[in-house]
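> model this:
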Amino acid sequence: MTPTTHTRTVPRRGLRGLLALPFRGDTWRHLLYALLVPLVAGLVLALQPLIKSSQDSGKQGLGPLTLFLALVVAAVAGPAFERMRLRVFFGERLAPCRSGRVAGAVQLFFVNMVLATLSFAATVGWVIVSARNLTYPIWGWEPYPTDAWGGPTPVGAVALHFFSGVVAFFVLPWVVVRVTEWQRAAVRRFAAG
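Coordinates of the predicted model:
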């Protein structure tokens, strides 16, 4: 299989590019890529009943051993899983690494753990903060104590929440695109030949 050339998503510069970013299909592809549960989290969740039953039965050493095995499986299967993610979301076909597979898999595991956590958290944060704060003018007019965010008046509190929702709606997709591009570069470097 021959690897295809990769295209990097670069949002247009300036305020116009930032304002258009949440409405681009390519941005949504990055957001969905970030939301796909990373392999480690999926394995840990799948093995959670086994870990819990080993703790309930009094075999305390089996839980950490199961978790360790899940991490080993994630490190071994990680490169293939990440190449599959790139193929599904971005149409990028990468050939497997021919040499240095173990070292590359371990490096990819640690780098991807950090980047996947950042992109997942930014995407979930984008959804929650945008949904909550952009709708704040509809439901946020309850009486406020004097030390509420935005000042002692409901208008100040509603304006502050709404403004932070607008900022999050346009800035967090930019963060997700950047971090997922770093993830793609890490997969190319550590998991592709």
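
> Low-confidence regions, the chain specifically.
1-12, 37-45, 47, 51, 54-55, 60, 62-63, 99-100, 142-152 (pLDDT under 70).

> Gln183: what's it in contact with?
Applying C-beta atoms under 8 Å, 6 or more residues apart in numbering, we find Gln183 in contact with 33, 82, 112, 115-116, 119. For glycine as for every other residue, the C-beta is placed from the backbone atoms N, C-alpha and C.

> could I get the residues you listed as CSV with distance to Ile138?
Output for these, formatted as CSV (distance: C-beta to C-beta, whole Å):
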residue, distance to Ile138
Tyr33, 31
Glu82, 41
Asn112, 39
Leu115, 35
Ala116, 34
Ser119, 30
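
> Just the buried ones among those residues, please.
Among the contacts of Gln183, those buried by neighbour count (16 or more other C-beta atoms under 10 Å) are 33, 82, 112, 115-116, 119.

> ok so, going back, ok, the contacts of Gln183 vs Val175, which is closest?
Distance to Val175 across the contacts of Gln183 (C-beta to C-beta) is lowest for Ser119, with 8.3 Å.

> Please identify the helix or strand for the residue nearest the centre of the chain.
Nearest residue to the geometric centre of the chain (C-alpha atoms, centre = their mean): Phe120, 2.1 Å. Using DSSP states H and E, Phe120 sits within helix 101-134.

> Which other helices and strands does that helix contact?
Counting contacts by 3 or more C-beta pairs under 8 Å, 6 or more residues apart in numbering; DSSP states H and E, helix 101-134 packs against helix 25-35, helix 62-90, helix 154-191.

> and those, which is most packed in?
Burial of the helices and strands packed on helix 101-134 is given as mean neighbour count (mean count of other C-beta atoms under 10 Å); helix 154-191 ranks first at a mean of 19.

> Next, the angle helix 62-90 makes with that helix.
90 degrees (axes from the mean of the first three to the mean of the last three C-alpha atoms, to 10 degrees).

> What angle do helix 101-134 and helix 154-191 make with each other?
170 degrees.

> As CSV, the helices and strands packed on helix 101-134 with distance to Leu108 would be great.
Shown next, in CSV, are these (distance: least, C-beta to C-beta, whole Å):
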stretch, distance to Leu108
helix 25-35, 16
helix 62-90, 6
helix 154-191, 4
